[in-house]
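Asker: Here you go, sequence then predicted model.
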Amino acid sequence: MRILVVNSNTTDSVTARIGAAAREAASPGTDIEAVTAPFGLKLIVSRADWLVAGPATLAALAARRGSYDAAVIACFGDPGLDAAKELLDVPVLGISEAAFHAASMLGRRFGVVSFTAALRPMFEDCLAHHGLAARCAGFRMGPPFAGDPGTVAEDRADLIAELCRQSVEQDGAEAVILAGGPLAGLAPRLAPLVPVPLVDGTAAAVRLAEAMVGLAPPGAPRTRRTRDLTGFAPELAALYGG
């Protein structure tokens, strides 16, 4: 099985940690390719960032079309996810989509923890979009962040652990999501410090993508009306051209 994992920001060090977390979660025999968005921002933070990241994510998915059995959008907020599900012929999952659903199966109510509160509006929108807002016990977020996205997991590990404990003790979370691609791989390190399951969106998405390939094997290519898309990469335009 081949799974493509797309980091929707342009920070290669974040892609590297996402790829490592994805490979750690993958089953034997699953091949993981982790790629960086071909254009965009170093860190996706706001709603405006999320909109910019959508075409970049789709371009990365389109450039490797036909080389993977499932894909994961490894950016919390899942930019471009609905379009990818519509345009591609293989299962596509987002790490927030996967994390929300996995956490809701691990506990009645889940908390969402991340390294900066600037992400919260985008996360709230994504949670509502996936229809699981009622299962969320609340958000615990860090202060403003302007550092290196590739090292934020290490730089703020102690803070993230404390926010996880607050989510459990004060909000009643029965599972806690570590939200954001830059936090990929942090959950195993913090798990001994938190008395409920910790959900890494990258790991959850890879495991669920493997399951989706088994549940929904590729069928006949979808038939779409050919449309001309201008101003975008040829690979992305080809998704509209048939």
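Answerer: Arrived safely, thanks for sending.
Asker: Quick check, residue 230 in contact with residue 237.
Answerer: Yes - with contact defined as C-beta atoms under 8 Å, residue 230 reaches residue 237; the gap is 7.5 Å. Bear in mind the C-beta positions are built from the backbone N, C-alpha and C, glycine included.
Asker: who has more neighbours, those two?
Answerer: Neighbour count, other C-beta atoms under 10 Å: between residue 230 and residue 237, residue 237 has more, with 16 against 5.
Asker: what about the spatially closest residue to that one that is not a sequence neighbour, distance to residue 35?
Answerer: Closest residue to residue 237 apart from its sequence neighbours, by C-beta to C-beta, 6 or more residues apart in numbering: residue 229 at 4.3 Å. Per C-beta to C-beta, to the nearest Å, residue 229 is found 21 Å from residue 35.
Asker: higher neighbour count, those two?
Answerer: Between residue 229 and residue 35, counted using other C-beta under 10 Å, residue 35 has the larger neighbour count: 18 against 13.
Asker: Kindly confirm my reading that that one forms part of a strand.
Answerer: Yes - assessed with DSSP: H, G, I helix; E, B strand; the rest coil, residue 35 lies in a strand.
Asker: List the residues that contact it.
Answerer: Going by C-beta atoms under 8 Å, 6 or more residues apart in numbering, residue 35 touches 4-7, 15, 60, 64.
Asker: Show me the contact partners of the one helix or strand residue 167 maps to.
Answerer: Secondary structure from DSSP states H and E places residue 167 in helix 157-171. Applying C-beta under 8 Å, 6+ apart, the contact partners of helix 157-171 are 109, 111-115, 137-138, 140-142, 153, 173-174, 176, 178, 183, 186, 189-190, 193-196, 198.
Asker: And it, what's buried?
Answerer: 157, 159-168, 171 (16 or more other C-beta atoms under 10 Å).
Asker: Same check on stretch 122-137?
Answerer: Residues of stretch 122-137 classed as buried by neighbour count (16+ other C-beta under 10 Å): 122-123, 126-127, 129-130, 132, 135-137.
Asker: How confident was the prediction at the residue nearest the centre of the chain?
Answerer: With the centre of the chain defined as its mean C-alpha position, the nearest residue by C-alpha atoms, centre = their mean is residue 95, 2.5 Å away. Residue 95 carries a pLDDT value of 97.
Asker: Mind listing residues that contact the longest helix anywhere in the chain?
Answerer: Taking DSSP state H as the criterion, the chain has its longest helix at helix 47-63. Helix 47-63 has contacts (C-beta under 8 Å, 6+ apart) with 4, 6, 8-10, 35-41, 43-44, 71, 73, 75, 77, 79-80, 83-84, 87-88, 92, 121-122, 125, 232-233, 235-236, 238-239.
Asker: One more: stretch 204-212?
Answerer: Stretch 204-212 is contacted by residues 1, 3, 5, 22, 25-27, 30, 32, 70-74, 91, 93-95, 97-99, 101-102 when judged by C-beta under 8 Å, 6+ apart.
Asker: What's the PyMOL line that selects buried ones from those?
Answerer: Entered in PyMOL, the line below selects the buried ones among those, by 16+ other C-beta under 10 Å:
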select buried, resi 3+5+22+25+26+30+32+70+71+72+73+74+91+93+94+95+97+98+99+101+102
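Asker: what stretches of the protein score poorly on pLDDT?
Answerer: Applying pLDDT under 70 to the chain flags residues 217-224, 242.
Asker: 80 instead, please
Answerer: For the chain, the stretches with pLDDT under 80 are 216-225, 241-242.
Asker: Quick check: nearest residue in space to the residue nearest to the centre of the chain, chain neighbours excluded?
Answerer: Nearest residue to residue 95 in three dimensions, chain neighbours excluded: residue 201, at 3.2 Å (C-beta to C-beta, 6+ apart).
Asker: Who are the contact partners of the one you found?
Answerer: Residues near residue 201 by C-beta under 8 Å, 6+ apart: 74, 76, 95-96, 98-99, 177-181, 184.
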